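> got a predicted structure plus its sequence, pasted below:
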Amino acid sequence: MSRSLDQNLLLSVFRLCVWLVLLTVIFVPLERLFALHPQKMFRKAIVTDVAYYFLSSLIPGFLLGAPIALLAWLVHHAIPVAFTSAVRAWPTWLQIAVGFVVGDIGAYWGHRWTHEIPFLWRFHAIHHSAEHVDFMVSTRAHPVDMVFTHFCGLIPLYVLGLAAPSGGASLVAILFLLLGTVWGFFIHANVRWRFGPLERLISTPAFHHWHHTNDGPAYVNKNYATFLPWVDRLFGTLYLPKDRQPAHYGIDEPLPANFLGQLVGPFLTSRVSADLQPAATGLTSAVDSSEQQISRAATQAVDHEYTAK
Ligand SMILES: [Zn+2]
Ligand SMILES: [Zn+2]
């Protein structure tokens, strides 16, 4: 039993090594040829990001098991079978299209809550600690953060009957998670490509790089969606100027530099940085400082300038 577990683990690690080589072969030349910011491949923290690559590929699957089982049980008892059966009778292309929209809305709110709820931000801050953004930053995520956002993306799929704990009904959910992972590498890539009007429909590196910016309070807490920027537009968080790209990334609050410290730290710390504390968005604090009002006014002015077109 444990021998087969060891063999499965070894096989998974081998597969991940192959994928890492493939990703490197694809993205490193692209990031050299079309770099948005000049930066080294072997930058500071690359070892940490490689460690996250293996951890975030192996662990969430295990951690997601229990909450998904609970979700499936709840849905089974709360949603009429006639409803989920009717949805499953839709053509496959329609199930996939609807699944991606509702899944992205779920993931949007999961991601947004990780910014707005201080306890969740402790875990998500690790993803935002990257001062150089490239394809490998996609993997820099605490397992708790990754599991939470994935879970939020899967909830609408389960409610609609587009996912199941096992069996063929999970095609949409598998596609959603798999494509989300692949797309994650792309939207973090350090490339200066712009895609014109297409950027309003599907997320791109420019869209997600603005999510990582540390250019000032007017620009943070934007662009939460995984695939669909218009979901951000719908909920008032889109920021995507046509002719500008972010200059700085990262966060101001200090985090442990080493991998183990980052994994354990969020469970221990009770301090959340005031400058990026999500209370600024209004969810956790009713106190609205004048600084926040100025910041919000600046954001709205900028949004109006760039998103109303
Ligand atoms: Zn984020
Ligand atoms: Zn990111």
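Ah, there it is. Residues are numbered from 1 along each chain as shown. Ligands and ions are numbered 1, 2, ... in the order given.
> now Ile251, what are its backbone angles?
phi -130, psi 160 (degrees, to the nearest 10).
> grab the nearest non-local neighbour of it.
His128 (5.0 Å; CB to CB, 6 or more residues apart in numbering). Every C-beta, even on glycine, is put in place using the N, C-alpha and C of the backbone.
> tell me the spacing between the nearest residue to Ala45 once chain neighbours are set aside and Asp243.
Using CB to CB, 6+ apart and skipping the chain neighbours, the partner closest in space to Ala45 is Ala130 (7.0 Å). For Ala130, the distance to Asp243 equals 24 Å [CB to CB, to the nearest Å].
> for the chain, what spans make up the helices?
Along the chain, counting by DSSP state H, helices occupy 2-33, 46-78, 81-88, 92-116, 118-128, 143-160, 171-188, 205-211, 229-234, 259-268, 290-307.
> quick one: those as a markdown table, columns for mean pLDDT too.
Listed next are those as a markdown table, based on pLDDT from 0 to 100:
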| stretch | mean pLDDT |
| --- | --- |
| helix 2-33 | 88 |
| helix 46-78 | 83 |
| helix 81-88 | 89 |
| helix 92-116 | 96 |
| helix 118-128 | 95 |
| helix 143-160 | 92 |
| helix 171-188 | 93 |
| helix 205-211 | 97 |
| helix 229-234 | 97 |
| helix 259-268 | 90 |
| helix 290-307 | 39 |
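> His212 is in contact with the residue nearest to Ala45, correct?
Yes: with contacts counted by CB atoms under 8 Å, Ala130 reaches His212, the gap being 6.8 Å.
> what is in contact with these two at once?
137, 249-250 (CB atoms under 8 Å, 6 or more residues apart in numbering).
> just the buried residues of the residues you listed.
137, 249 (16 or more other CB atoms under 10 Å).
> ok, back up a step: between the helices of the chain, which one is nearest to Gly196?
Nearest of the helices of the chain to Gly196, taken as CB to CB: helix 205-211 at 10.9 Å.
> which helices and strands sit right next to the closest one?
Judged by 3 or more CB pairs under 8 Å, 6 or more residues apart in numbering; DSSP states H and E, helix 205-211 is in contact with helix 171-188.
> what lies in contact with the helix it packs on?
23, 27, 92, 95-96, 99-100, 103, 107, 133-138, 150, 153-154, 157, 162-163, 203-205, 207-209, 226-227.
> how does it look with 6 Å?
95-96, 99, 103, 133, 135, 137-138, 157, 162-163, 203, 205, 208, 226 (CB atoms under 6 Å, 6 or more residues apart in numbering).
> buried ones in that helix?
Neighbour-count burial for helix 171-188 [16+ other CB under 10 Å]: 171-173, 175-177, 180-181, 183-188.
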